[in-house]
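In: Quick check, what structure comes out for this input:
(2 chains)
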Amino acid sequence: MSSIKQDGVLVAGHRACPGCGAILALRYALNALGRNVIVHVATSCMEVSIMGGGVFPRGEYPLTVPSLHTAFETSGAVVSGMDVGLKALGKRQGVNLVAIAGDGGTADIGLQTLSGAAERGHDFIYICYDNEAYMNTGNQRSGTTMLYAATTTSPVGTKKRGEQHIPLTLRKDMPAIMAAHGVPYVATASIAYPADLIKKVKKAADIRGPRYIHIHAPCPTGWGFPESKTVEMARLAVQTGSWALYEIDNGKLNVTLRLTQRKPVKEYLAPQKRFRHLNDAEIAHIQELVDRMWEERFSQ
Amino acid sequence: MSGSRAVAEAAKLSDVNVVSAYPITPQTSIVEYLSESIAKGELAAEFMQAESEFGAMSACIGASSVGARVFTATCSQGLALMHELNYVAAGLRLPIVMAVTNRQLSQPLGMWCDHSDAMGERDSGWIQIYVESCQEALDTVIQAFKIAEDKGVLLPTMVCLDGFILSHTSEPVEIPDSEAIRKYLPPYRPDADYHALMDVQKPLAAGGGCPPAFTMEFDYKKYEAQEHAKEIIRKADREFEQTFGRQYVLVEGDRCEDAQVILAGMGTMIGTAKEVADKLRKEKGWPVGVLKLRCYRPFPKEDVQRIASKAKALATVSRAVSYGIGAPVYSDLATCMSNLGQKPVLLNFIAGMGGRDITQKNIEQVFEKGMNAAETGEAAAEVEWLGLNKNLVGG
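Out: So this is what the prediction gives:
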């Protein structure tokens, strides 16, 4: 990654686990945004890793830009308040407000404040890093946990076989929900495609209004794969089509990575402990949902 | 004008930068007046109607964190929904001012006055001031910004006014001159040296994780700030009096100097109590007085002791219940008397729950029971519910 300029916004001293996908997502995104930002970090792995336990007051603080943590479900509303506050003081120009939250803080507990902020049209960038469960508290299922995935609160037993939600979707579709708010920019990204990720973040930085970027960030601890395979796992998610890379720019869909041929989804599921219990029918069901998503949402 | 209007006028006079709120009865007229003032250009501020009270307080925190002077208002379920963030605001030491039009908490559902809502936030670190009149509501909101923003305090402040009883009652109110208010309350200019200020020129982190080795010290500093706030509240009040001729103090003793029986309470019940005390002194010659607890957090322990410790009976009338023990205001008064050698008999009354009127007759009962206690030296009951319909509760 020598071609990626590192601006030193998120530097050494964080406490993310070895092989953490989320910290890569934040490093790429924050370094791309530069120093004229104010960051609000919702309760999450990243809050704990960059603002959390054991950091204070030893000066090993890895964020070099102003940063605030308030609570779990507050991100959308706090950046809304910062937006109107700066506006009222005549200091709004030249500062990007950045809300960072995990999938639980976004799709579950923080959905209401995010929806309010988007609908009112505040000027902020929202970055959701998605590791598909509450990893900070030890791998409990969230609204973006993939169908059938085993977590500590969607375990596999004789009565239940992992994550069970409405069986027509792989996961709660946050980017679509945000696009439905009519916001000017929505994008998905993956830590396995940093050039694409950085391009989207930089593009978002120059747009005004609510902007939403959803970054797929595998978690070796929660998903059950070796720490050295994080990027590989993220790449497989994209190559099998179970995570799509696209942007919705001013309402217009643009698939930023269109594969000539998608790998079978089994190649992504098989190396992960959370899918080890899957039978052929369940794998076929996931494959069907992936195929249908591409056909209905992303076919030209 | 109404109490709500008085509160809105005060926020306007305070030149607030941001108002973020969510509508709830009986708070709505406050934010309606402010929205209108902003829409008409009378107040140069941003109004943000949040998606919930939770969002409203979150936005207040966000706006205050970038240095704005911030006002909000709520009550009841709305205040309860803010609960988590009220601790965050106090912990981050952000000088947000909030009007609370006190209203009961569900269930049963009702929109009438009692103090249950604000009592739920009693220990959050917010300053709480209870007002008795529309004029006091206006003056106190202005004072609240001066108190909250003081470098030695930096605590969010609630101004509590009885829902409907005060928020929707019209009284003559004098609106202070805006230039004189600007002199009394200059624009808020926070500095990153003492304010959790989000400024790209001076990056700092606020609100992150804190290990056990440091957390208690943060709590202690908040406690110390509450203690120190007493002096700052007195100072803000004195300075206000110098320019505007009105003073409210932390605790007001009405005919308490020679009183053998004192009724202590908060909010609009005080007006009724003063009238009844006056009548009883004239008609029956009873040595009775009224103690108005204006400042509830910080609790003005020394003032209460000075005013009430020589009485023979001290009767607390609370518009809130502490289930399983009695009433919060009673417990606080008892705490404050606990180490005194000479102290009055303490009587514990619960009244006016869910909008039940606190009548002159109720107050007379309190004084009568107080007179009995003064004579016998003991309380007839541990806790008494005034105006309770015994037919409805059985037993």
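
In: Can you find the residue of chain B that comes nearest to chain A?
Out: B:Gly62 (2.6 Å; Cβ to the nearest Cβ). Bear in mind the C-beta positions are built from the backbone N, C-alpha and C, glycine included.

In: That residue: neighbouring residues, count only.
Out: Applying other Cβ atoms under 10 Å in any protein chain shown, we find 38 residues neighbouring B:Gly62.

In: One more: the one 4 residues further on?
Out: Summarising burial for B:Val66: neighbours were counted as other Cβ under 10 Å, giving 29.

In: do B:Asp258 as well
Out: By other Cβ under 10 Å, neighbour count at B:Asp258 equals 11.

In: and it, helix, strand or coil?
Out: The three-state assignment at B:Asp258 reads coil, by DSSP: H, G, I helix; E, B strand; the rest coil.

In: contacting residues for it?
Out: With contact taken as Cβ atoms under 8 Å, 6 or more residues apart in numbering or on different chains, B:Asp258 is in contact with B:Pro287, B:Gly289.

In: Quick check: the gap between it and B:Val288.
Out: Remark: distance between B:Asp258 and B:Val288 (Cβ to Cβ, to the nearest Å) = 10 Å.

In: can you check A:Ala22 too?
Out: Counting by Cβ to Cβ, the gap from A:Ala22 to B:Val288 is 66 Å.

In: just to revisit the earlier point, what sits closest to the residue of chain B closest to chain A if chain neighbours are left out?
Out: A:Gly81 (2.6 Å; Cβ to Cβ, 6 or more residues apart in numbering or on different chains).

In: so where does that neighbour fall, helix or strand?
Out: Following DSSP states H and E, one finds A:Gly81 within helix A:75-88.

In: So which elements touch the following helix or strand past that helix?
Out: Per DSSP H and E, the first helix or strand lying C-terminal to helix A:75-88 is strand A:96-102. Judged by 3 or more Cβ pairs under 8 Å, 6 or more residues apart in numbering or on different chains; DSSP states H and E, strand A:96-102 is in contact with helix A:21-33, strand A:37-41, helix A:45-51, helix A:75-88, helix A:111-120, strand A:124-130.

In: Strand A:96-102 pairs with which strands, parallel or anti?
Out: Strand A:96-102 pairs in its sheet with strand A:37-41 (parallel), strand A:124-130 (parallel), by DSSP bridges.

In: Let me see the contact set for the residue nearest to B:Gly62.
Out: For A:Gly81, the contact set (Cβ under 8 Å, 6+ apart) comprises B:Val18, B:Ser20, B:Met48, B:Ser58, B:Ala59, B:Cys60, B:Ile61, B:Gly62, B:Ala63, B:Ser64, B:Ser65, B:Val70.

In: how does it look with 10 Å?
Out: A:40, A:70, A:74, A:97, A:117, A:122, B:18, B:20, B:46, B:48, B:50, B:55-66, B:68, B:70 (Cβ atoms under 10 Å, 6 or more residues apart in numbering or on different chains).

In: What is the neighbour count of the closest residue to A:Asn96 other than its chain neighbours?
Out: Counting by Cβ to Cβ, 6+ apart, A:Val37 is the residue found nearest to A:Asn96 once chain neighbours are left out, at 4.6 Å. A:Val37 has 20 neighbours, counted by other Cβ under 10 Å.

In: Wait, A:Val37 touches A:Val9, no?
Out: Yes - distance between A:Val37 and A:Val9: 7.7 Å, which falls inside the contact criterion (Cβ atoms under 10 Å).

In: anything in contact with each of the two?
Out: A:Leu30, A:Leu63, A:Val65, B:Pro203.

In: from these, which has minimum pLDDT?
Out: Of all these, A:Leu63 carries the smallest pLDDT score, 87.

In: What's opposite that residue in the beta bridge?
Out: Counting by DSSP bridges, A:Leu63 forms beta bridges with A:Leu10.

In: picking that back up, so for B:Leu280, which of the helices and strands packed on strand A:96-102 sits nearest?
Out: Nearest to B:Leu280, of all those, is helix A:75-88, at 50.6 Å by Cβ to Cβ.

In: mind listing what the closest residue to chain B within the stretch 151-300 of chain A touches?
Out: Chain B sits closest to A:His181 of the stretch 151-300 of chain A, with a gap of 12.1 Å, by Cβ to the nearest Cβ. Contact partners of A:His181, counting by Cβ under 10 Å, 6+ apart, are A:Leu114, A:Ser115, A:Gly116, A:Ala117, A:Ala118, A:Glu119, A:Arg120, A:Gly121, A:Pro210, A:Tyr212.

In: From these, pick the one nearest B:Gly324.
Out: For those, the nearest to B:Gly324 is A:Gly116 (37.6 Å; Cβ to Cβ).

In: Convert the helix or strand hosting B:Ile30 to CSV, retaining C-alpha atoms only.
Out: Using DSSP H and E, B:Ile30 sits in helix B:28-39. Extracted in CSV, the C-alpha atoms of helix B:28-39 (Å, rounded to 0.1, in the frame of the first residue of the first chain):
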residue,chain,number,x,y,z
THR,B,28,-44.5,22.9,23.4
SER,B,29,-45.3,26.6,23.7
ILE,B,30,-41.8,27.3,24.8
VAL,B,31,-40.2,25.9,21.6
GLU,B,32,-43.0,27.2,19.5
TYR,B,33,-42.3,30.8,20.7
LEU,B,34,-38.6,30.2,20.1
SER,B,35,-39.0,28.7,16.6
GLU,B,36,-41.2,31.7,15.7
SER,B,37,-38.6,34.2,17.0
ILE,B,38,-35.9,32.5,15.0
ALA,B,39,-38.1,32.3,11.9
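
In: and the helix or strand immediately after that helix in the chain, average pLDDT?
Out: Scanning forward in sequence from helix B:28-39 by DSSP H and E, the next helix or strand is strand B:46-49. For strand B:46-49, the mean pLDDT works out to 98.

In: in terms of contact count, name the helices or strands touching strand B:46-49.
Out: When contacts are defined as 3 or more Cβ pairs under 10 Å, 6 or more residues apart in numbering or on different chains; DSSP states H and E, strand B:46-49 packs onto helix A:75-88, helix A:111-120, strand B:18-21, helix B:28-39, helix B:53-65.

In: The same query, at a cut-off of 7 Å, please.
Out: Packing contacts for strand B:46-49, counted by 3 or more Cβ pairs under 7 Å, 6 or more residues apart in numbering or on different chains; DSSP states H and E, involve helix A:75-88, strand B:18-21, helix B:28-39.

In: May I see the buried residues of the first one?
Out: By 16 or more other Cβ atoms under 10 Å in any protein chain shown, the buried positions in helix A:75-88 come out as A:75-88.

In: can you give me the angle that helix makes with helix B:53-65?
Out: Using axes from the mean of the first three to the mean of the last three Cα atoms, to 10 degrees, one finds that helix A:75-88 and helix B:53-65 are set 40 degrees apart in direction.

In: where along the chain do the helices fall?
Out: Using chain A here. A:21-33, A:45-51, A:75-88, A:103, A:111-120, A:174-180, A:194-205, A:220-223, A:230-239, A:266-269, A:280-293 (DSSP state H).

In: um, chain B though
Out: With helices called from DSSP H, chain B shows them at B:3-13, B:28-39, B:53-65, B:76-91, B:116-119, B:134-149, B:178-184, B:212-244, B:269-284, B:301-308, B:328-337, B:360-376, B:390-393.
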